[in-house]
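1. Build the 3D model from these lines:
(chains A and B)
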2 protein chains.
Amino acid sequence: MTDIAVTLADKRGTLPPEDKLGFGKIFTDHMFVMDYATGKGWHNARIVPYGQIEISPAAMVLHYGQAIFEGMKAFRTADNRIVVYRPLDHLNRFNHSADILSIPQMDVNVLHDGLKQLIEIDKEWVPKSLGTSLYIRPFVISTDPFVGVKVADQYTVFIILSPVGAYYASGFKPVAIKVEEHFVRAVKGGLGEAKTPANYAASLKAAEVAKKEGYTQVLWLDALEQKYIEEVGTMNIFFKIDNEIITPALNGSILNGITRRSVLAVAKDWGMKVSERRISIEEVYEAHEQGRLQEVFGSGTAAVISPVGELSWKGRKITINNNEIGETSQKLFDYITDIQQGRVADKFGWTGEMAKL
Amino acid sequence: MTDIAVTLADKRGTLPPEDKLGFGKIFTDHMFVMDYATGKGWHNARIVPYGQIEISPAAMVLHYGQAIFEGMKAFRTADNRIVVYRPLDHLNRFNHSADILSIPQMDVNVLHDGLKQLIEIDKEWVPKSLGTSLYIRPFVISTDPFVGVKVADQYTVFIILSPVGAYYASGFKPVAIKVEEHFVRAVKGGLGEAKTPANYAASLKAAEVAKKEGYTQVLWLDALEQKYIEEVGTMNIFFKIDNEIITPALNGSILNGITRRSVLAVAKDWGMKVSERRISIEEVYEAHEQGRLQEVFGSGTAAVISPVGELSWKGRKITINNNEIGETSQKLFDYITDIQQGRVADKFGWTGEMAKL
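-> As a prediction, this is how the structure comes out:
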């Protein structure tokens, strides 16, 4: 295990009622922190009480956005173990994002050890009700107090933890998505494949407009022709057409989703036909007209699977599967959440045990 | 004047020797701060001692990049006035960036008053040597402690001040620029027109590669065809071809530079032919082959004018004007810096007096 200095909080908080958790508003008692300086490398790995941080108003992250993050989840299993879903896949993707943003590579083992110790210390914060979890947010910020555009020389990585309620608090149900025609999230040669603040900043205006129009999120098309499907606001996207599961191929501007990988692996394992390829919004609408579009669903860490009941593109609305949850969406949601929460055997080896209660 | 609470620093710092200032590393004694909360609007405008700020590790800016900034300069004139160059143009652009990033509009008069009072308090920090200035950095960050993608409900705007040395400390001379073929900064429908961290985050990798290859900055081409010229890393770009001054037209993905506007206005005032239009890199290379490309230069707040002596595109290097400063580049640099520092009459009304010494 990595040598990590631990400073425990004087006072411990308590987990609120699990039906009041919501998402991303409550944090646990501790956080993992590690610093980087050019010439010194990553150093001073530590666990400290969760709380306000001090930075310079000139800290580069506030001005030039050199930053990355990850999002993953820990679950409390029926047999009282705490497992994290695909932690190494997430941490390796974290390093891939680091590379795209010119942030120095981190030792995945140090991060993994830090996360494990942090969860051990804060394990009472992992909720147990169906659908709840402990959301894990690793992130790196550039901290040099310097007002000029350059690759930074100082960084800090944090891991903070937030107990979160069931994503589908009011039931697992289809959402309405607007196909975005005006705004663009990312482009080939840009940052689209990285989990970095810039991509989310670029999504705010479109999401705000879509929400006012009654849609949950937007579906992004490619920046060049506004023709090919990329991803949804915070999810990858899948189409079931003629019993085939189709998702846009990774092209440099789409996030390489971990749940996306899980969906592909599970569907293949079930013997379904699975394609990662370029797919246009026209093809989807055509399939719908011909009665061949059976299901549409998103995949992501927060929602796991999110069935899409309605799409709207250039004012043309289509209803998918009578706005009901599709068979495959439901099966995938059940099976992946069963693996995450230890209700079925984890034949893929996706869950990593972090603590026992 | 706006009611701004002032808390003075117990101890005042002193301006370092003016030839040791560098850029963006030294900050003055005070900063302007104002908060926003949904339902309450912008409030609590204040001037406080410059120093570390406390934010939540979950502060939205660190995760989703909802932030904007500006960059402008104050100068000490020969007759001991302190003037800021085009402050209202900068503050209006600040609000335009806010709109693109879904950040609530600010009262430009409040910001202007805050800046004026701040400069009055810290006026001893404005350097006086030729080419030096006080760099002014207004910026807004989103501060809600919330780990989820949405438009924030809490923001803080800051104005910090940094005395900066002469940009051309080792003399005004042409730079070598690489025409970027792989990476992309911004795209139509994206954030390119906003002064927001995301655009700078997107520029880091390309700039890093270019620097290793011996270039100062990169020249960005359009994201769609990689054909039309957009802008340089931290500058807009101009070409003098057949005695005509040409700069790419604003198209939504180019920053609407304040110095760009000054160059256009001055060149027109001098009776030069000036065009804002789409211009391809091929056209520039063709003009060079035909001996019609007379000058290339960048414009920006930091450098004012930066002559370009060499361009490299797909391995084809061209030398511009024998790698010497062009006549127009020199004239523009001299005239605009003369206006800024009060050595010639400000017939355009660009300088705003902020304090007297």
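
2. For chain B, what is the nearest residue in the stretch 1-150 of chain A?
-> Nearest residue of the stretch 1-150 of chain A to chain B: A:G65, at 2.9 Å (Cβ to the nearest Cβ). Every residue, glycine included, has its C-beta placed from N, CA and C.

3. Mind pulling up the pLDDT for the nearest residue to that residue once chain neighbours are set aside?
-> With Cβ to Cβ, 6 or more residues apart in numbering or on different chains as the measure, B:P197 is the residue that lies nearest to A:G65, at 2.9 Å, once sequence neighbours are left out. For B:P197, the model assigns a pLDDT of 97.

4. Got the phi and psi for B:P197?
-> phi -50, psi -40 (degrees, to the nearest 10).

5. all helices of chain A, in order?
-> A:60-64, A:87-100, A:108-121, A:197-201, A:204-212, A:258-269, A:281-289, A:327-340 (DSSP state H).

6. buried ones in the lowest-mean-pLDDT helix or strand in chain A?
-> Lowest on mean pLDDT, DSSP states H and E among the helices and strands of chain A sits strand A:351-356, with a mean of 92. Within strand A:351-356, the residues that qualify as buried are A:351-352, A:354-355, counting by 16 or more other Cβ atoms under 10 Å in any protein chain shown.

7. Give me the contact list for that strand.
-> The set of residues external to strand A:351-356 that reach it, using Cβ atoms under 8 Å, 6 or more residues apart in numbering or on different chains, is A:74-75, A:80-88, A:112, A:115-116, A:119-120, A:123, A:339-340, A:342.

8. Would you mind extracting the C-alpha trace of that strand into PDB?
-> The C-alpha trace of strand A:351-356 is given here as PDB (Å, rounded to 0.1, in the frame of the first residue of the first chain):
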ATOM      1  CA  THR A 351     -16.400  -4.700  -9.100                       C
ATOM      2  CA  GLY A 352     -13.400  -4.000  -6.900                       C
ATOM      3  CA  GLU A 353     -13.800  -4.600  -3.100                       C
ATOM      4  CA  MET A 354     -12.800  -1.600  -1.100                       C
ATOM      5  CA  ALA A 355     -13.900  -2.300   2.400                       C
ATOM      6  CA  LYS A 356     -16.000  -4.600   4.600                       C
END
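
9. Return the list of strands paired to it, each annotated with direction.
-> Sheet pairing of strand A:351-356 (DSSP bridges) gives strand A:81-85 (antiparallel).

10. what is the orientation angle of the partner strand with helix A:108-121?
-> Interaxial angle, strand A:81-85 versus helix A:108-121 (axes from the mean of the first three to the mean of the last three Cα atoms, to 10 degrees): 140 degrees.

11. and the angle for strand A:81-85 with helix A:258-269?
-> Using the same axes, to 10 degrees: strand A:81-85 against helix A:258-269 is 90 degrees.

12. Now do strand A:81-85: everything it contacts.
-> Under Cβ under 8 Å, 6+ apart, the answer for strand A:81-85 is A:72-77, A:115, A:119, A:123, A:126, A:134, A:136, A:258, A:301, A:339-340, A:342, A:350-357.

13. are any of those buried, and which?
-> By 16+ other Cβ under 10 Å, these give A:72-77, A:115, A:119, A:123, A:126, A:134, A:136, A:258, A:301, A:339-340, A:342, A:350-352, A:354-355 as buried.

14. Tell me how far the residue nearest to A:G65 lies from B:G309.
-> Distance, B:P197 to B:G309, using Cβ to Cβ, to the nearest Å: 30 Å.

15. which parts of the stretch 201-350 of chain A sit against chain B?
-> Residues of the stretch 201-350 of chain A lying close to chain B by Cβ under 8 Å from any Cβ of the partner chain are A:201-205, A:207-208, A:223-224, A:233-234.

16. Kindly give a single ChimeraX line that selects the buried subset of those residues.
-> Restricted to buried positions by 16+ other Cβ under 10 Å, the ChimeraX selection for those reads:
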select /A:201,202,203,204,205,207,223,224,233,234
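
17. Let's have the residues of the stretch 201-350 of chain A next to chain B in TSV, adding pLDDT.
-> Listed next are these as TSV, based on pLDDT from 0 to 100:
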residue	pLDDT
A:A201	95
A:A202	93
A:S203	94
A:L204	94
A:K205	94
A:A207	94
A:E208	94
A:A223	90
A:L224	89
A:G233	86
A:T234	88
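
18. farthest pair in the residues of the stretch 201-350 of chain A next to chain B?
-> A:E208 and A:L224 (24.2 Å; Cβ to Cβ).

19. Run through the residues that contact the closest residue to A:I4 other than its chain neighbours.
-> Excluding the flanking residues, the one nearest A:I4 by Cβ to Cβ, 6+ apart is A:A45, at 4.8 Å. The contact partners of A:A45, by Cβ under 8 Å, 6+ apart, come to A:2-5, A:32-34, A:110, A:114.

20. repeat for A:I320
-> By Cβ under 8 Å, 6+ apart, the neighbours of A:I320 are A:174, A:288, A:293, A:295-296, A:308-311, A:326.
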